[in-house]
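J.: Sequence and predicted structure, then a few things I'm wondering about:
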Amino acid sequence: MVGITYEDFLDLDHDPDDTELVCAFYVEPAADQSPESAASRVASESSNGTWAELQVEGSVTDLSATACGIEEATVAGRADRDGYRVTVAYPDALFEPGNMPQVLSCIAGNILGMKAVDRIRLQDCEWPEPLATSFPGPQFGTGVRTEIFDAGDRPITATVPKPKVGLSTAQHAQIGYEAWTGGLDLLKDDENLTDQDFNPFEDRLTESLAMRDRAEDETGEKKSYLLNVTGTGSDMLERVDMAAEHGCEYVMVDVVTCGWAAVQQVRERCEHHGLAIHAHRAMHAAFDRLPDHGVSMRVVAQIARLCGVDQIHTGTADLGKLANEDTVGINEWLYADLHGLADVLPMASGGLHPGLVPELVDRCGTTIGVQAGGGVHGHPDGTHAGAKALRAAVDAVAAGRDIETAAEETPELATALETWGTETPR
Ligand SMILES: O=C(O)[C@@](O)(COP(=O)(O)O)[C@H](O)[C@H](O)COP(=O)(O)O
Ligand SMILES: [Mg+2]
């Protein structure tokens with residue numbers, strides 16, 4: 001038997017091997033804690049230690065995490081605080097392979113509420129091969145552009161009918177028709193539209209897909225629908241089956257509000273049907289908005305990729321209406337190799353309109369999705385014109401042309417530029 005205390009979880013000479021999960025935290029120790037004592041408590045409480053000295057079998061310590069790096073660090077708005085970047089290495093045996101809730105209960109669990117730290121934020125993770133490959137990853141990722149659409153390497157386009165909820169099924173489907181025939185690739189449900197009486201799920205599915213088929217016939221282009229299946233676990237699986245049955249290529253899930261266990265279940269079912277998964281991140285800002293506490297959007301995106309979503313909202317590189325964190329950095333991680341797992345297509349959304357597309361593509365490149373709700377349906381001439389304007393802007397920018405010239409050929413784009421210019425809505 002060996003006695004273990006907090007101090008046993010600190011070893012600044014420890015060099016993680018390639019089977020360990022390495023996490024980077026931003027930590028502000030409490031007044032009565034040194035950086036070392038705070039770091040050891042982070043490693044201990046996120047693996048298998050606690051506040052009292054324990055007598056344990058030697059093998060138990062094989063599951064113990066190690067705080068192996070402490071560097072001074074500052075984050076926005078906290079320059080006057082003593083902050084540190086604390087690196088913690090977790091042994092593979094601590095984790096149940098393929099179980100994301102269990103992993104998060106370790107690295108983003110109780111430690112976020114410890115009194116030993118005034119602030120703590122999980123900033124980044126280096127996922128080792130054994131753990132990473134115990135998750136399925138995406139089925140399609142950026143491949144959706146060619147496997148579902150004939151979009152080549154241009155951004156794919158999407159629109160959410162606005163108002164977010166309250167439209168009838170017929171109105172919703174009609175908006176879809178106008179958007180698709182206006183040149184957009186995807187109709188998308190809003191994050192809070194599920195199976196309410198004014199627009200029931202199955203009716204919305206069948207009527208929207210009927211309009212989709214008409215639009216495909218008229219345009220000769222592939223079109224699809226980000227159908228929101230968010231609900232209870234069993235409801236979601238039923239809705240995924242319904243989507244497949246009716247010939248939809250995608251489902252959309254509010255991944256944060258549903259929880260990762262549900263996302264993993266949906267991923268399994270989507271594999272069975274060959275459906276792509278669009279991840280909406282509603283509620284992410286509850287834990288990633290403040291730079292000094294919580295869990296970063298970078299880590300949320302990493303978790304989503306491992307769990308197998310094909311597309312996820314990562315912000316507009318600060319061009320839109322919502323606060324964003326490091327869109328470009330997160331996107332680069334979603335494209336990068338991850339032990340052979342597929343990549344993910346980032347979706348830019350939130351206050352976008354045609355006038356913002358050039359700067360967006362400048363900052364984020366063309367391997368993205370561009371979603372505009374207000375930026376399409378708020379067009380002075382309505383949805384169809386708004387869709388034509390967005391598509392014309394995306395096509396022009398993807399071809400390296402300026403949108404002012406494109407606006408000469410597409411009056412709907414000219415109207416959009418007159419209306420919104422290149423302003424960021426507030
Ligand atoms: O409800 C909305 O606000 C949107 O439908 C955008 O509408 P607009 O196009 O009309 O702005 C999306 O949910 C947000 O973009 C989500 O945020 P994020 O992409 O940052 O996760
Ligand atoms: Mg929305």
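T.: That came through fine. What you are looking at is a predicted structure, and each value in this text was computed from that prediction instead of being measured. Ligands and ions are numbered 1, 2, ... in the order given.
J.: from here on, contacts and neighbour counts on C-alpha atoms
T.: Will do.
J.: just the residues of the chain that are near ligand 1, which are they?
T.: Neighbours of ligand 1 within the chain, by C-alpha under 6 Å from any ligand atom: 160, 190-191, 281, 313, 315, 322, 348-352, 372-375.
J.: Nearest residue to the residue nearest the centre of the chain in space, please, no chain neighbours.
T.: Closest residue to the average C-alpha location of the chain: I312 at 3.7 Å, with C-alpha atoms, centre = their mean. Distances taken as C-alpha to C-alpha, 6 or more residues apart in numbering put A279 closest to I312, at 4.6 Å, once the chain neighbours are dropped.
J.: Mind telling me what element that neighbour is part of?
T.: If you go by DSSP states H and E, A279 is part of strand 276-280.
J.: what about that strand, average pLDDT?
T.: Across strand 276-280, the average pLDDT comes to 98.
J.: Can you give the strand pairings for that strand, parallel or anti for each?
T.: Here strand 276-280 is paired, per DSSP bridges, with strand 250-254 (parallel), strand 311-313 (parallel).
J.: After it, heading C-terminal, what element do we hit next?
T.: Next helix or strand after strand 276-280 toward the C-terminus (DSSP H and E): helix 285-288.
J.: List the buried residues of that following helix.
T.: A285, F287, D288 (16 or more other C-alpha atoms under 10 Å).
J.: Identify all contacting residues around it.
T.: Contact with helix 285-288 is made by H293, G294, V295, S296, M297, as judged by C-alpha atoms under 8 Å, 6 or more residues apart in numbering.
J.: Just the CA atoms of stretch 264-278, as CSV, please.
T.: The C-alpha coordinates for stretch 264-278 follow below in CSV (Å, rounded to 0.1, in the frame of the first residue of the first chain):
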residue,chain,number,x,y,z
GLN,A,264,-22.7,9.4,-29.8
GLN,A,265,-25.9,7.4,-30.1
VAL,A,266,-27.1,9.5,-33.0
ARG,A,267,-23.7,9.0,-34.7
GLU,A,268,-24.1,5.3,-34.5
ARG,A,269,-27.5,5.4,-36.0
CYS,A,270,-26.4,7.8,-38.7
GLU,A,271,-23.6,5.4,-39.6
HIS,A,272,-26.3,2.8,-40.1
HIS,A,273,-28.1,5.0,-42.5
GLY,A,274,-25.1,6.9,-44.0
LEU,A,275,-26.5,10.3,-42.9
ALA,A,276,-24.3,13.3,-42.3
ILE,A,277,-24.5,15.2,-39.0
HIS,A,278,-24.7,18.9,-38.6
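J.: Switch the strands paired with strand 276-280 over to a markdown table; also include mean pLDDT.
T.: Converted to a markdown table, the strands paired with strand 276-280 look like this (pLDDT from 0 to 100):
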| stretch | mean pLDDT |
| --- | --- |
| strand 250-254 | 98 |
| strand 311-313 | 98 |
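J.: rewinding a little: buried ones among the residues of the chain next to ligand 1?
T.: Buried by 16+ other C-alpha under 10 Å: 160, 190-191, 281, 313, 315, 322, 348-352, 372-375, out of the residues of the chain next to ligand 1.
J.: In strands, which of those appear?
T.: When these are checked against strands (DSSP state E), the matches are H313, A348, S349.
J.: The first one reaches V344, doesn't it?
T.: No: when contacts are counted by C-alpha atoms under 8 Å, H313 is not listed as touching V344 (10.3 Å).
J.: quick one: which of the buried residues of helix 285-288 is nearest W260?
T.: F287 (15.2 Å; C-alpha to C-alpha).
J.: Including distance to D362, could the strands paired with strand 276-280 go into TSV?
T.: Shown next, in TSV, are the strands paired with strand 276-280 (distance: least, C-alpha to C-alpha, whole Å):
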stretch	distance to D362
strand 250-254	27
strand 311-313	18
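J.: Can you read off the pLDDT for R81?
T.: Model confidence at R81, given as pLDDT, is 87.
J.: That one: what's it in contact with?
T.: Contact analysis of R81 by C-alpha under 8 Å, 6+ apart lists E28, T74.
J.: That one should be in a strand, yeah?
T.: No: assignment of R81 by DSSP: H, G, I helix; E, B strand; the rest coil gives coil, placing it outside any strand.
J.: Can you tell me how far it is from R289?
T.: Here R81 is placed at a distance of 18 Å from R289 (C-alpha to C-alpha, to the nearest Å).
J.: Next: H272.
T.: 35 Å.
J.: and what of P380?
T.: From P380 over to R289 (counting by C-alpha to C-alpha), the distance is 34 Å.
J.: same deal with K222?
T.: In terms of C-alpha to C-alpha, K222 sits 36 Å off from R289.
J.: go on, V160?
T.: According to C-alpha to C-alpha, V160 and R289 sit 24 Å apart.
J.: pretty sure Q33 contacts A116?
T.: Yes: using C-alpha under 8 Å, Q33 makes contact with A116 at a distance of 6.5 Å.
J.: So between these two, which is more surrounded?
T.: Comparing Q33 with A116 by neighbour count (other C-alpha atoms under 10 Å), the higher total belongs to A116, at 22 against 16.
J.: which ones are touching that one?
T.: Residues counted as contacts of A116 (C-alpha under 8 Å, 6+ apart) are P29, A30, D32, Q33, A38, R41.
J.: Weed out the non-buried ones from these.
T.: P29, A30, Q33, A38, R41.
J.: Let me know the closest of the residues you listed to ligand 1.
T.: P29 (30.9 Å; C-alpha to the nearest ligand atom).
J.: pretty sure the closest one contacts A38?
T.: Yes: counting by C-alpha under 8 Å, P29 sits close enough to A38 to count as a contact (5.6 Å).
J.: re the thing from before, pipe the ones in strands among the buried ones among the residues of the chain next to ligand 1 into TSV and attach distance to R363 per row.
T.: Formatted as TSV, those follow (distance: C-alpha to C-alpha, whole Å):
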residue	distance to R363
H313	16
A348	11
S349	14
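J.: got the domain boundaries for the protein?
T.: For the chain, the domain assignment from automatic domain parsing gives the residue ranges 2-132, 141-420.
J.: what's the burial count for V256?
T.: 17.
J.: what do you get for H246?
T.: With other C-alpha under 10 Å as criterion, H246 counts 13.
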